[in-house]
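A.B. asks: return a 3D structure for these sequence lines:
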Amino acid sequence: MKKKVTKKLETVEIEKNIPPVENLKTFDLKDYLTNLFNLQDDTDEVGSLDSIKRSVEFKGGNLWALVFAIFIASIGLNVNSTAVIIGAMLISPLMGPIIGAGLAIAIYDFELLKKSLRNLSIATFISILTSAIYFSITPLSEAQSELLARTNPTIYDVLIAFFGGGIGIIALTRKEKSNAIPGVAIATALMPPLCTVGYGIAMGNIKFILGAFYLFFINSFFIGLSTLIVVRFLKFQSVNFVDEALHKKVKSYIIYFSIILILPSIYMAYNVIQKEIFKSKVNKYVAENFVFKNSKVLSVDFSRTEPAYIDVSLVGETLSNSIIKSLESKLKKYELDNVTLKVNQSGTQDVSHVLEMIGSQNKRDEATKAKDEKIFLLEKELMNFKNRDLLVAKASKEVAILFPEVQSLSFGELTFAASEEEESETRPSLIVKWKRKPNVNQKKKLVTFLQSRLNIKGEIEVIHE
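C.D. replies: Got it, this is the predicted structure:
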């Protein structure tokens, strides 16, 4: 008989070191973003205040730097050189008083505010006077694209000044200074508008004066405004106690003034955008409809101001009235309803002949250009010969001192021909007459010296006597 065996199983509890749920840290997106965009870290309040207050000063070296920078910027605008204008903006000290004024309002430092505005006014007057003097005496009086670009400020200039000023003050308040300030000086463009005002005064053009000064005022105000906002955000210590009523009044004035200042720039930006939209419609209309086998479009002119028109000049076969009527009827399709179409026709039947004439003119222009380049190269080569003659005269005196054993030397281009079958070859040659027979080392030193002194990269043919 089998016995039934029952085995008792024991339950063993294993203690696990698991912390309570409440001790586990969870990811907090708000805290992460707050730390990521925290401007308070790396802020140097004392050093920043001292640096900005010093940049407000406008005398001595700062003032002369401004005058020279204005001259450079005026020349750049005059010859339409972007690189020169950028260089002038980099050395301009105009940013200091503007940032100083924004800081002064933010910390209620009324003495600093008066000083900043006074120095900014002086700098503005001197800048305009300097540029007006330059443009009064320069023989180049035509307004270039760089000048014209400073006469029609838009809302985009407001945004550039505001964000540029913000970058500038953030960079200035850091312990570790960055290279942001030169970039801000270039982007916000304080000097070119003042130079354009000077140009307007010299030429008697009131539109240039008002447009350019408005751009300068926009840039200055919104750089100062962004400085004020950033400094307030950083909670810099106020210099004077101001009650809540005055604080609200200052805030209201700034808001109202900002709106008044922005409105004209919004209107100008609207006009610029509308002009570009109109231009795009005109180009599309002409490209899609003025396609004829025996007629070609030479030029297109247009205006969106009343009376709006599109002026198309054609060469080739004359278009019939019915075709022109058909072209006019298609204007509505391109949202050009109130635009008058003008078609100028040359009456030339053979368009290929016209195009051939244009091609011949282009070829003549290319030939003239090639001749000009050849003349330039020949003049350059002639100048090199003249310069080399001067160098030879100087080198001869130096040789007499450094190589007293040399009696005389002659330098020039000699033509060598080994035989009648071979082509002749011209090489720089040197004829040296020695007082006594030289050794190899002396010959080598003399040739090396003359190659370096006469700037000859190749070999010299040397004849020793």
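
A.B. asks: hmm, which helix or strand of the protein has the shakiest average pLDDT?
C.D. replies: Lowest on mean pLDDT, DSSP states H and E among the helices and strands of the chain sits helix 351-402, with a mean of 60.

A.B. asks: any idea how the protein splits into domains?
C.D. replies: 45-241, 385-464 (automatic domain parsing).

A.B. asks: count of neighbours near Ser220?
C.D. replies: Applying other CB atoms under 10 Å, we find 23 residues neighbouring Ser220. Placement of C-beta: from N, CA and C, glycine included.

A.B. asks: just to check, it is in contact with Ile98?
C.D. replies: Yes - Ser220 lies in contact with Ile98 (CB atoms under 8 Å); the separation is 5.0 Å.

A.B. asks: now Leu112: how far from Ala104?
C.D. replies: Distance from Leu112 to Ala104, counting by CB to CB, to the nearest Å: 4 Å.

A.B. asks: neighbour count: those two, which is higher?
C.D. replies: Neighbour count, other CB under 10 Å: between Leu112 and Ala104, Ala104 has more, with 27 against 20.

A.B. asks: that one contacts Arg118, doesn't it?
C.D. replies: No - Ala104 lies out of contact with Arg118 (CB under 8 Å); the separation is 11.6 Å.

A.B. asks: what are the buried residues along the helix or strand harbouring Lys444?
C.D. replies: Per DSSP states H and E, Lys444 falls inside helix 440-453. Residues 442, 446-447, 450-451 are the ones in helix 440-453 that count as buried (16 or more other CB atoms under 10 Å).

A.B. asks: and the strands in the protein, which stretches?
C.D. replies: Taking DSSP state E, the strands of the chain run over residues 295-303, 309-316, 340-345, 406-416, 425-434, 461-464.

A.B. asks: could you list the paired strands of the last one along with their orientation?
C.D. replies: Spelled out, it's strand 461-464. strand 425-434 (parallel) (DSSP bridges).

A.B. asks: can you get me a residue count around Thr138?
C.D. replies: By the criterion of other CB under 10 Å, Thr138 has 14 neighbours.

A.B. asks: any idea how far Ser238 is from Val343?
C.D. replies: Distance of Val343 to Ser238, given as CB to CB: 70 Å.

A.B. asks: who has more neighbours, the two?
C.D. replies: For Val343 versus Ser238, neighbours defined as other CB under 10 Å are more numerous around Val343 (17 against 13).

A.B. asks: which strand residues bridge the more buried one?
C.D. replies: Val312.

A.B. asks: in this structure Asn119 contacts Phe58, no?
C.D. replies: Yes - with contact defined as CB under 8 Å, Asn119 counts as touching Phe58 (4.1 Å).

A.B. asks: where do the contact lists of those two overlap?
C.D. replies: The contact sets of Asn119 and Phe58 overlap at 96-97 (CB atoms under 8 Å, 6 or more residues apart in numbering).

A.B. asks: tell me the confidence at the closest residue to Gly183 other than its chain neighbours?
C.D. replies: Residue nearest to Gly183 in three dimensions, not counting chain neighbours: Ile167, with 7.4 Å by CB to CB, 6 or more residues apart in numbering. According to the prediction, Ile167 has pLDDT 86.

A.B. asks: got a list of what Ile167 touches?
C.D. replies: By CB under 8 Å, 6+ apart, the contact list for Ile167 reads 180, 183-184.

A.B. asks: please determine how far Pro307 is located from Leu331.
C.D. replies: Note on Pro307: its distance to Leu331, by CB to CB, is 14 Å.

A.B. asks: the more surrounded of the two?
C.D. replies: Between Pro307 and Leu331, counting by other CB under 10 Å, Leu331 is the more crowded of the two (19 against 8).

A.B. asks: doesn't Val339 make contact with that one?
C.D. replies: Yes - contact criterion CB under 8 Å: Leu331 and Val339 qualify, at 5.8 Å.

A.B. asks: mind listing the helices for the stretch 1-150 of the chain?
C.D. replies: 29-36, 45-56, 61-78, 82-91, 95-107, 110-137, 145-148 (DSSP state H, counting those that start in this stretch).

A.B. asks: would TSV of these with distance to Arg427 and mean pLDDT be doable?
C.D. replies: Formatted as TSV, the helices of the stretch 1-150 of the chain follow (distance: least, CB to CB, whole Å; pLDDT from 0 to 100):
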stretch	distance to Arg427	mean pLDDT
helix 29-36	70	76
helix 45-56	62	84
helix 61-78	45	86
helix 82-91	41	80
helix 95-107	59	88
helix 110-137	51	90
helix 145-148	49	64
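
A.B. asks: hmm, back to that, in JSON lines: the buried residues of helix 440-453, plus distance to Met191 and pLDDT.
C.D. replies: Output for these, formatted as JSON lines (distance: CB to CB, whole Å; pLDDT from 0 to 100):
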{"residue": "Gln442", "distance to Met191": "60", "pLDDT": "74"}
{"residue": "Leu446", "distance to Met191": "55", "pLDDT": "76"}
{"residue": "Val447", "distance to Met191": "54", "pLDDT": "76"}
{"residue": "Leu450", "distance to Met191": "50", "pLDDT": "74"}
{"residue": "Gln451", "distance to Met191": "48", "pLDDT": "72"}
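
A.B. asks: and of those, the nearest to Tyr199?
C.D. replies: Closest to Tyr199 out of those is Gln451 (51.4 Å), distances taken as CB to CB.

A.B. asks: what's the separation between the closest one and Val462?
C.D. replies: Gln451 sits 10 Å away from Val462, going by CB to CB.

A.B. asks: and Leu140, how many neighbours?
C.D. replies: Other residues lying near Leu140 total 10 when counted by other CB under 10 Å.

A.B. asks: need the contact list for it.
C.D. replies: By CB under 8 Å, 6+ apart, the residues touching Leu140 are 78-79.

A.B. asks: check what pLDDT it gets.
C.D. replies: Note for Leu140: predicted pLDDT of 72.

A.B. asks: just say which of the strands of the chain is most tucked in.
C.D. replies: strand 309-316 (a mean of 19; mean count of other CB atoms under 10 Å).

A.B. asks: which secondary structure elements does that strand contact?
C.D. replies: Judged by 3 or more CB pairs under 8 Å, 6 or more residues apart in numbering; DSSP states H and E, the packing partners of strand 309-316 are helix 244-289, strand 295-303, strand 340-345, helix 351-402.
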